[in-house]
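Structure, please.
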Amino acid sequence: MGELDLQAVQPRAYRVTDIHGEGDDYPDDLLDRDFTADAPGTRLLGDITYLRTTQGWLYLATVIDLATRMVVGWQITNHMRTSLVIDALEMARLHGHLQPGAIVHHDRGTQFA
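I've put the predicted structure just below:
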């Protein structure tokens, strides 16, 4: 490796981001793994992804309409607190992408509990 000027790269340690307390109560899964919708704004899916940048981690929350498959709300910031998800949902609502009685499905991360 030295002759070829190669260096070993050590992967970063796994970092736990979801820490659940005892007795956490989660809402029922109203979609029951059926990720389809008959009309826009009635059934939506949210998720968070991690983006590594040269200045640290950023977190992107998205809200996707299951009828159109469009991203109808999003937010990006340097933390993974509840406000990240709420801001993405608020964007979808402010732009008229949520119908009364809409179901919004998220995974069981701590921001959603």
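
can you confirm residue 91 is in a helix?
Yes. Residue state for residue 91 (DSSP: H, G, I helix; E, B strand; the rest coil) corresponds to a helix.

tell me which element the nearest residue in space to it that is not next to it in sequence is part of?
Among residues not flanking residue 91 along the chain, residue 73 sits closest, at 3.8 Å (Cβ to Cβ, 6 or more residues apart in numbering). For the C-beta atoms, the positions are set from N, CA and C on the backbone; glycine is no exception. Using DSSP states H and E, residue 73 falls within strand 71-77.

what about residue 87, neighbour count?
The burial count assigned to residue 87 is 15, neighbours taken as other Cβ atoms under 10 Å.

repeat for the one 5 residues further on
As a burial measure, residue 92 scores 23 neighbours (other Cβ under 10 Å).

which residues sit in contact with the closest residue to it other than its chain neighbours?
Nearest residue to residue 92, sequence neighbours excluded (Cβ to Cβ, 6+ apart): residue 73, at 3.1 Å. Residues near residue 73 by Cβ atoms under 8 Å, 6 or more residues apart in numbering: 62-63, 88-93, 95, 97.

For PyMOL, write the selection for the buried entries among those residues.
This is the PyMOL syntax for the buried subset of the contacts of residue 73, where burial follows 16 or more other Cβ atoms under 10 Å:
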select buried, resi 62+63+88+89+91+92+97
